[in-house]
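> okay, sequence plus prediction incoming.
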Amino acid sequence: MPRPRELKITLKPVQLILCVALGLWLGALAIALSLWLAWRLLPETAQPLTQQVVPPTEAPASVTPEVDQQTRMFEQYKRILRNQEVQQAEDQAQSSMRNLSNPKCQFWLQQNRNAPTEKSRALVLEFCN
């Protein structure tokens, strides 16, 4: 039966110390290079974030279309609510027995059905209580 080979390791302390020191220096150099590279690239990506956090002194021109759109949407919302209110008032006016005998209410209800205007809506609300 063949005898297993023996592996003889000889320690040379000076060589071991130099290799460990070289590894530490290379690791420190790699960390320093990574930090420098991150520092060079980070301001480019962090700059938009700082613009979001700190508001600019002048409002950019791109903000005004958003504000106009929000204003239009709010006006549309108010118009829809007003129309719903008038529709409910008309429904109540038509279903109310008291309004059936009120000629002014009937007149303005008919006017508002044929040609709805702000004036006719207001008069429906006024005469058809």
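It's in. Numbering: from 1, shown residues only.

> please count neighbours and contacts with C-alpha atoms only from this point.
Noted.

> which SS state does E6 fall under?
Reducing the assignment to helix, strand or coil with DSSP: H, G, I helix; E, B strand; the rest coil, the entry for E6 is coil.

> could you do R3 as well?
Using three-state DSSP, the secondary structure recorded for R3 is coil.

> next up, phi/psi of it, please.
The main-chain torsion angles of R3 are listed as degrees, to the nearest 10 and equal phi -80, psi 140.

> ok, which stretches of the protein are helices?
Read by DSSP state H, the chain holds these helices, from start to end of the chain: 13-53, 63-95, 97-100, 103-114, 118-127.

> including distance to R5 and mean neighbour count, could the ones you listed go into a markdown table?
Supplementary listing: the helices of the chain in a markdown table, determined by distance: least, Cα to Cα, whole Å; neighbours: other Cα atoms under 10 Å:
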| stretch | distance to R5 | mean neighbour count |
| --- | --- | --- |
| helix 13-53 | 25 | 11 |
| helix 63-95 | 80 | 13 |
| helix 97-100 | 115 | 13 |
| helix 103-114 | 108 | 17 |
| helix 118-127 | 106 | 17 |
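
> I appreciate the help and will end here.
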